[in-house]
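Q: coords below, sequence missing:
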């Protein structure tokens, strides 16, 4: 053994073995991670970049990030894989899919992973408004990631031309109607060339409607997701206001307004005000050829907006090691620096207050103060409509709202019908 | 007499006008796509002749996803499916058309039954099968459920049945076996049907989205449509310029192929009876 060559050989073998084990350790746990893309920009590249950084910081964990289409596609893909016995480990899905995923027995809560004080503090670090759609029955099922709210965008040039203060958006429903009447522009033959306001009523109908019901101080459902209050007087009143914007005040285009083309109408100056997601900030900033402002939704009895967007979920089939690794990943992805960077790159609202204190976010806000409006509105925000059998309940409400906007039913009748349908759908969960 | 001629001329004029109208309706979306794709997004709803031209939309679309790889995958996918379909459907159609065996009609009814079922309904079951075979996230997994095409079998069976028996018998008298008869008599006579079917199959699988999205996970296996979905940014409204650019880009090979072989396609559709 004293022979020098022998020694050299032994150390070489030892080094090789060490290298081998460390290679094995480097890929100890592999996690699949499904994510949707719901805003413009090179989202898969950003996610791949985060994953690469995480893997560098955490040897032993490999994340397989899989782009899975829209939110709807991602849910279909995840549930298909689940039913074939191979669910993903982590997925970003709509926060409103929580009850559906629980009913499918697809996901596991996060609570037993929160062992240290540090973990518990981390869970408390998110905005409470975002946690409303992530917790039920005393358990946490989702972790906020790409979240948004509704805000009001206004065209400052149009305000100036109408003789209004361009730096002051309407702050109440009454001001909205009063300003709106000045903002509507008609040509010589009486046709409208510019509307005052557009609140889109396709795709996310119920969500925008919640911007009105919340201001009217009513909630659409309970936190257990088993009851709705679509026929409450405040809800009917909110719908009446929405219908009146078109039919009585004539400051909004009549009928149903397309979600997808509302931003285009705003850029084309066909409407002076639009309500839409904060996820549009980057888009508007890039495409508006005029100075614009961003404001909280106008208040009435109260103030507020629903939250929206996607959460992290953990699927059930993971081993304890995998869950620990997945937990590490989600904590890393929601760290203040990451949350700030994700918000700046996409327009989503950074999900925790301390993300807004990071240097990167402060620089961004100094340059673009409008981005902070969504944050300030969060203290008035409520949960997005989410119940058991969510898709059918939501559809009942959407159909009711659209029927009222199209003039096929009175708001009272439309909401009574929607409530009756929701009660029927939710009966098994009582 | 002259009244009849006049009405005949009037009818022809009406027909021409109708054809032009239909052609216009058909080309309009394509024309709009081209307009929006080659102009900056500010002009996507303003039709002014001096709008500046740009290729920036195409550059943005191309860079948003690994489209070169997706093109290759889609090409491999449609070629593989078409090849397998042609072999399987020809053999099955031949058996159904010209051989009598126990249970033939029942088997044919089962094949027809497959025509009634939407493929989307079978997604979970198909996924389970692919996962049992261990081929999830491969290109063959995308194609496998479509290879035994009921439509192809049905179409070819009807064509083979319309081939005169005399030709079949003449070939047999010359000493040809069943396979030789198939290759020398039936397949050449069914050429227009093969072309028409090939076109339908290629364009269907070129455009198929949901199943490929679900059964694949990586860039190396995914087809173009999955890459295209990235522009459906639903939270944000629609950016027509980049969507139209991406759509034109991904459908260009199909459009080109159709323009080049237009005459053959139209003729084979006429002969194949897919009208």
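A: Happy to help now that I have it. Note that the structure is predicted; figures quoted are calculated from it, not measured. Numbers count the residues shown, from 1 in each chain, chains lettered A, B, ... in the order given.

Q: show me where chain A has strands.
A: For chain A, applying DSSP state E gives strands covering A:29-35, A:61-67, A:90-94, A:107-108, A:135-136, A:139-140, A:143-155, A:185-186, A:192-198, A:271-277, A:292-295, A:307-315.

Q: right, and these - which one's nearest chain B?
A: Checking the strands of chain A against chain B by CB to the nearest CB gives strand A:61-67 as the closest, at 4.6 Å. The way it works is simple: take the backbone N, C-alpha and C, and place the C-beta from them, glycine included.

Q: where does the stretch 151-275 of chain B dip in pLDDT?
A: Counting by pLDDT under 70, the stretch 151-275 of chain B has low-confidence residues at B:233-234, B:272-275.

Q: one more: chain A?
A: Within chain A, the ranges that satisfy pLDDT under 70 run A:1-27.

Q: center of it, which residue is that?
A: In chain A, the centroid-proximal residue (CA atoms, centre = their mean) is residue A:309; its distance is 1.7 Å.

Q: measure how buried the nearest residue to that one once chain neighbours are set aside is and give me the count.
A: Of all residues not flanking residue A:309 in the chain, residue A:147 sits nearest, at 3.9 Å (CB to CB, 6 or more residues apart in numbering or on different chains). By other CB atoms under 10 Å in any protein chain shown, 29 other residues sit near residue A:147.

Q: give me the neighbour count for residue 198.
A: Looking at chain A here, since you left the chain open. Using other CB under 10 Å, the number of residues around residue A:198 comes to 25.

Q: not quite, go with chain B.
A: Close neighbours of residue B:198, defined as other CB under 10 Å, add up to 17.

Q: which residue packs closest to it, ignoring adjacent ones?
A: Nearest residue to residue B:198, sequence neighbours excluded (CB to CB, 6+ apart): residue B:82, at 5.8 Å.

Q: could I get the contacting residues of that neighbour?
A: Residues in contact with residue B:82 (CB atoms under 8 Å, 6 or more residues apart in numbering or on different chains) are B:198, B:201-202, B:205.

Q: what's near enough to touch the most centrally placed residue in chain B?
A: Closest residue to the average C-alpha location of chain B: residue B:203 at 2.3 Å, with CA atoms, centre = their mean. By CB under 8 Å, 6+ apart, the contact list for residue B:203 reads residue B:254.

Q: that one and residue B:74: what is the separation?
A: Distance, residue B:203 to residue B:74, by CB to CB, to the nearest Å: 12 Å.

Q: picking up where we left off before, got the buried residues for the helix or strand hosting the residue nearest to the centre of chain B?
A: Per DSSP states H and E, residue B:203 falls inside helix B:191-207. For helix B:191-207, the neighbour count (16 or more other CB atoms under 10 Å in any protein chain shown) marks B:192-202, B:205-206 as buried.

Q: next secondary structure after it?
A: With elements assigned by DSSP H and E, the helix or strand that comes after helix B:191-207 is helix B:210-215.

Q: which elements pack onto whatever helix or strand comes next after that following helix?
A: Next in sequence after helix B:210-215, counting helices and strands by DSSP H and E, comes helix B:224-228. Counting contacts by 3 or more CB pairs under 8 Å, 6 or more residues apart in numbering or on different chains; DSSP states H and E, helix B:224-228 is packed against helix B:67-98, helix B:191-207, helix B:210-215, helix B:240-260.

Q: go again using 7 Å as the cut-off
A: In this structure, helix B:224-228 packs against helix B:67-98, helix B:210-215, helix B:240-260, with contacts taken as 3 or more CB pairs under 7 Å, 6 or more residues apart in numbering or on different chains; DSSP states H and E.
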